[in-house]
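[1] Give me the fold of what follows.
(chains A and B)
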Amino acid sequence: MKINQLYSGFLLALTLALSSCHDSLLNPTPESVLTSTNYYKTAKDMDLAVLGIYNRLQSRKPGDYLLMEVPGDNLYMSANTSVAGAPEIDLLALNSDNPIVADFWENTYNGIFRANSVLANIETPTDYRGTQKDQFIGEAKFMRALFYFDLVRIFGGVPKVTSLLSIDAASTLPRASEEEIYALIVDDLKDAIAKLPVQSAMARGRASKGAATGLLAKAYVYRKDWANAKTYLDQMATFNYSLLPNFASLWTLENEDNAEVLFAVKYIDGTNGQNLSTAFIPNAGAINIVNRGAEVALPSWSLMKNYVEGDTRYASTVTQFWVPPTKPTDPPIWYPFVSKYAVKHTFESSGLDLPVMRYADVLLLKAETLYELNQPEAALTELNKVRARAFGNTTHNYKLTDIASRDAFVDKLLLERQLEFAYENERWFDLTRTGKLTTVMTKEERLFNYSTKTPVTVQLNPKAYMKAFPVPQRQINQSAPGILTQNEGY
Amino acid sequence: MKTVMHTCQRLLCVLVLLGCCSALSWGAASPPVRNNRLLEWQISGKVTSEKGETLPGVTVILKGSSLGTSTDATGNYFLKVPETAGTLVFSSVGTVTKEVPFSGAGVINVALNDDAKALEEVVVVGYGTVKKSSVTAAVSKIENKILNEIPAGRAETALVGRLAGVNVSQTRSSPGSAPLIRIRGAGSIDAGNEPLVVIDGFPGGSLGQINMNDVESIEVLKDASSSAIYGSRAAGGVIIVTTKRGKTGKPRFNFNAYYGFSKARLHNDWLSTEDYYNYAVKYQNREYSWIGGDASIPVWGDARRPAQYQVSDTVRRSASTIWQNEVTQVAPIQSYNLSIGGGNDNVKYYVSGVVLTEQGTVKNTDYNQYGVRANLDVKVSPVVSLGFLLNPTYATRRIAPTDMVSLVKYPNFVAEQRPDGTYPKARDYWGQNVTSQANPMAILDGTFINAYSLNNVGELFVALDLMEGLRFKSSVGTNISYNTNERFQASYATNNGITNGSASDSRSINLINENVLSYNKTFGGVHDFSGLLGASYQRNTSRNAYMAAVAGSYNNDIIHTLNNAIIDPASTATTKSEWGLISYFSRVNYGYKEKYLLSASVRADGSSRFGPANKWGYFPSASVAWRVSQEEFLKNSPAINELKLRASYGATGNFNIGDFDYLGRISSVFYAPNGVLTKGQVQSSFGNNNLSWEKTRGYDFGVELGILKNRLNITVDYYDKRTTDLLYNVSIPAITGFTSSISNVGDIRNKGIEFEIQSKNLTGGLKWQTSFNLARNRNKVVDLGGVQERITTDTYGMSWILRLGEPMFSYYGYKAIGVLQNAEQVKSTPVLVGSKPGNPIYEDINKDGKIDSQDKVILGNFQPKLFLGMVNTFSWKAFDLSLAMQASLGAKIYNFENQFYQGNTLGAMRRSLVENQWWSEQEPGDGKTPASALSQLNFQGASDVYIEDGSFLAVRNINLGYTLPGVLVQKLRLGSCRVYASANNLVFVTSKSFHGYNPEGYTSGEIAGVGSRPGYNSGSEPVNRVVTFGLNLSF
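    So this is what the prediction gives:
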């Protein structure tokens, strides 16, 4: 019996010893994971969190063309690489299940969440140096405004989120009106302008006072608030931005941080690259660019035919004749592909920066604003600055007689914007905001047969309601019944 | 805990050393042969059963010594003993041990009585064993008779088709790849459906670690009541593996070896040169016509035809390579296993070693396994016994870099290799239109993906028999694994011509302490009572290190390690994680006159993976059984020998999510301010402090019937289990910043029926036994947390849907009802926007005159509707034959692979996939097969065009053995010797419409989160026919 007592004692001791490690077993400290409870404590944390906002744009931006160029007349989907949902966008047959539209909504609101996280926690750290805190607020607000600008242009009014939401609060938040969203954009950008340093005091690839000013002007143009637009466009003159003399040099790795860029998303080849450079390259690659392309989409003849002899932008936008890299001595064949982003790069990880706004945009917005403010001559000057740069001389400059009527001016302006900003995600919005969608998009000329000189023409059926894309059905389903309303027509 | 681990490791080392030393000294101490040896008596004889059948393998020992032998295949034995009177002890499984005294040399024939008690099969359940007749729950058992002779790299393969309700499917058949095991269907969306594997009491092992030769038996706890004792992780069912342990007697050596070859089941309808060219022309003409081109323009050398629509003459003039045949091979497989078991009343041991190597039928793939096992049992005193187990295994794999598609779709005008050893690409022959992929042989030869895993399960236990029936057992177990993965791709093996490589190391240390107090007693001869109380503490720590080269930065293709490249900082890191689990459990079994049986258990589990308030989960179970056959009115029934009715209910849990998922995580992301790679940080998940256990509650009703003197045994089970509080990434409004949050939401139901029939058809000279099983499971989504459905759509539009009332992850898309024949029909028929002649006509479900997402319907499901398995065993004289068959009915596979063989980028084509297509209005095919081309995938990817029937019938294994006659064996001084031939998948019948290599095969994984695409196949590897010849020796 004695021995049994011994065992019992041992048993008891063992049980006790083990129960003392209860806590360490059930509540281990995560060694490799930061959590929301121990983050946002220092100025350094905030700096990293601000970089996190840019990261969302950095990852979304290369795919934006699927929503912003594919529906328009610059680009059509190739059969080589399919993207779920893109064919419907290409054929203007969108519905509310479209995965690209749904992803865009989700990614953009994630970016807004990241900005809101910074703004919600900005008061916590106490170790800000100098104007650091203002800078972070300015950057977060600039990025939030940019995200909302994309949302409002794609969907119209969307839920206005400026704080961190619980699931319950989110599911009962209805859409704000387009006006309310623009008001938020304007407020955010004004605050950003006040708080952000100029570009020379900021790292490249981060927001600056000039970028915020330009974006605000653009937002006013979209609102057709010409007076305010002019105010901010005029302010742009104070920031030392200028057109590069040579359009082609905008699209080179050596010259990324140039004087024309207001704001660009930066990339690093191989380690932090974008896949847009690969997306348009023919499947078999292109010599001195990349050994293999994704050939997701190809340039439409509707765009190509608009470039006239002498326009240097053509060669920097589309390569018409292609030589297979495996057969470099073969004669070039007619195989047009978009080459605006075709720099030498690692497959799907290009280092070429993607501009969000260039000074050429400021000039064309100014031309538009001035024309609408009844200053056609001043408008013409701005328009011709862009045109003269494209041709390397003034021989193709427009004259006042070319823009005698407002329609003529809008046509010239839209054409110039199409040629200048092809594949920079401007075309679709230019068509929708000017109401040209239903007239321009009735057909799209795609592959051009070089031998017979005839394009393949696709008939489309554009409707006015298509200016806004459908609110993703899965978001409508997530909200309380009746809260998130669908756009007209879907 | 750390120190415990250290001590433990040290202890293990010491024990290993001791083991080695004793082995050495053993060899050295064997007594030299002496001339003046004692005189010996020679005793021989024959051992038979009650009925006079010869009994092979009976242990014969001289009592009080280590002298002994065992009977041969004909029941004869021969033993030399010292010249003193003594007693021989005859023992064998299933018989009553008999002692026979002797006082001189001579013949002693013995008949052993059947041991009624011992004959009664024992079933291993969680933390104990029960007599089979007393089982109150749905438990299936399989004993290792010839499982170790089934030629396969992984142990699971041997279980295919043998157990009702246990579906083992080989979705990938590359060497060493783990099959999928589903017990009674899948109930979880995000937290996994793998069964818990318990090896010799250690929960959380892997069947990949097991050497089948060491396995004594495998039990599967299928219903929630039997598995609830493993509460926390048992929702996917429990597989209990029991390994062999030493038995009293002189050392018994077993040597098992097999060697053989496997050959892939391949397609035989690839188009060769001229046919291939003709279809390439048809394909291009069709493409050209679609854009309005004139197909009568010559296909080559005419500038009027755009390059995209031409067909190079090279295609006709070059090689004719059927790539499928180039990338596959007849591959050897071999396994060698030696085990020694034995011991005396106080110390028993079982030691074994195995070497298994398997080459893949796809070139440059293999799997090798090396393992050692030592099981030791020591009885220190009548009270104290110890057990020790050590099982290190080392496995290496070379993994194919791509699935089959990229290897076999290559156009056939490309030669396998140039005379100078380089690999031509399709684009070297023709600059456009054909694939820009690298040569398949270059991919196989130039890609090195190797996985190495070193694994050790070690366990030490002390058991105290405190008083009669009362036992305390405490054990410390470790499962330590180190995994290394290396990857290198030479420049010539990549499509884009740049090298890449990566390496990762991970280690995981799983430490468990379990303490069980059990009590067993029969009161008054009629009340059988047993109970147990236990506590278990488990911790797992893991560390990962991974790094990758900057693509293209390797200096050359010779050195594959990362010192030859520039490390990419964005994909290099180390991480650590851990989880802990505390459990308390108890079970009570009560039986009255072995007639009324009752069992109840409860387990409480606390897991570190859940929110602070909800770490603990409680998992009760109860089951009852009535052995009607024990009642007076049936007891002497000539017809019914056994009739048992049972009912059970139980709850089990699931915690297979990330270690700290309940926290809102902050993760690193990258950005490049000023062009400098910089880390940023973002919150990457929505925290959920209330996160708790996923629970599965299930009922099971069973009937067990034995008739015709138990020659026919039938078991029927009906079950209904519901998984609730799903650990599920429930959708949340994206305006929160996230699209999903892991929550306890949702409800999935699985119900089904299972039959098992065991029949002894013939029992005379020719013995024939059949075991048959059938299982049907119906899976249904009951609740998704407020939404009606969730849809995942892949690139070409096929959707997988979770919809209330339907099986999880059903295919969702358009239903094809014909083919558009011409432009007029396109205009007059509701079609997808942009449809052309040749595209499918889809059913306009809502009759609104257009085809859009409103017209999508459920098109089937990857889960089979019915499983059938049958094993027949025959024995006649010295021959034995076993035949295992399996059938699976009703599974649908989305065979997207087909589209690659239909002319896509003018690659390899299969006759059965091109000949019935719509090629033009004049050549409309069979009217059912649409025009399939890369450019048309958007018009048919989202439909049932590529959905095929994955039903099949297979003879999974045939094993024919011959046991050498006793005389010959004795001459060779062996105990017994059996030779056999074994073959896997000799007969394999699939549905006529099925075009894949493996009807169970799919490449995008099974259910693993809401974005799963189970059943999506883009080139699962072929099923292999394996023929081996083997040898079992014992001495």
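[2] How is chain A partitioned into domains?
    Dividing chain A into domains by automatic domain parsing, as the record does, gives the ranges A:43-241, A:276-352.
[3] Reformat the ones you listed as JSON lines; add mean neighbour count, distance to chain B and mean pLDDT.
    For glycine as for every other residue, the C-beta is placed from the backbone atoms N, C-alpha and C. Conversion of the domains of chain A to JSON lines gives the following (neighbours: other Cβ atoms under 10 Å in any protein chain shown; distance: least, Cβ to the nearest Cβ, whole Å; pLDDT from 0 to 100):
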{"stretch": "domain A:43-241", "mean neighbour count": "21", "distance to chain B": "2", "mean pLDDT": "95"}
{"stretch": "domain A:276-352", "mean neighbour count": "20", "distance to chain B": "3", "mean pLDDT": "93"}
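[4] Any chance of a markdown table for the ones you listed, columns distance to B:A152?
    Putting the domains of chain A into a markdown table (distance: least, Cβ to Cβ, whole Å) gives the following:
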| stretch | distance to B:A152 |
| --- | --- |
| domain A:43-241 | 38 |
| domain A:276-352 | 38 |
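[5] Figure out which of those is closest to B:R627.
    Minimum separation from B:R627 across those (Cβ to Cβ) falls at domain A:43-241, 53.0 Å.
[6] Tally up the residues packed near the residue in the stretch 51-200 of chain B that chain A sits nearest to, please.
    The shortest separation between the stretch 51-200 of chain B and chain A is 16.2 Å, found at B:I189 (distances taken as Cβ to the nearest Cβ). When neighbours are counted by other Cβ atoms under 10 Å in any protein chain shown, B:I189 registers 27.
[7] Okay, and it sits in which element?
    Counting by DSSP states H and E, there is no helix or strand that carries B:I189.
[8] Please name the residues that touch residue 280.
    Went with chain A since none was named. Under the criterion of Cβ atoms under 8 Å, 6 or more residues apart in numbering or on different chains, the neighbours of A:F280 are A:293-299, A:337-342, A:423.
[9] let's do chain B instead
    By Cβ under 8 Å, 6+ apart, the residues touching B:A280 are B:V311, B:V315, B:G903, B:L906, B:M909.
[10] swap in B:Q886?
    Shown here is B:Q886, whose contacts under the criterion Cβ under 8 Å, 6+ apart are B:V160, B:G161, B:F867, B:L868, B:G869, B:M870, B:L953, B:A954, B:R956.
[11] Emit the ChimeraX select command for whichever of the residues you listed are buried.
    A single ChimeraX command is used to select the members of the contacts of B:Q886 judged buried by 16 or more other Cβ atoms under 10 Å in any protein chain shown:
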select /B:160,161,867,868,869,870,953,954,956
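[12] Just put the contacts of B:Q886 in JSON lines and tack on pLDDT, secondary structure and distance to chain A.
    JSON lines is the format used below for the contacts of B:Q886 (pLDDT from 0 to 100; DSSP: H, G, I helix; E, B strand; the rest coil; distance: Cβ to the nearest Cβ, whole Å):
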{"residue": "B:V160", "pLDDT": "86", "secondary structure": "coil", "distance to chain A": "36"}
{"residue": "B:G161", "pLDDT": "84", "secondary structure": "coil", "distance to chain A": "38"}
{"residue": "B:F867", "pLDDT": "93", "secondary structure": "strand", "distance to chain A": "33"}
{"residue": "B:L868", "pLDDT": "94", "secondary structure": "strand", "distance to chain A": "37"}
{"residue": "B:G869", "pLDDT": "94", "secondary structure": "strand", "distance to chain A": "39"}
{"residue": "B:M870", "pLDDT": "94", "secondary structure": "strand", "distance to chain A": "43"}
{"residue": "B:L953", "pLDDT": "96", "secondary structure": "strand", "distance to chain A": "36"}
{"residue": "B:A954", "pLDDT": "94", "secondary structure": "strand", "distance to chain A": "35"}
{"residue": "B:R956", "pLDDT": "92", "secondary structure": "strand", "distance to chain A": "38"}
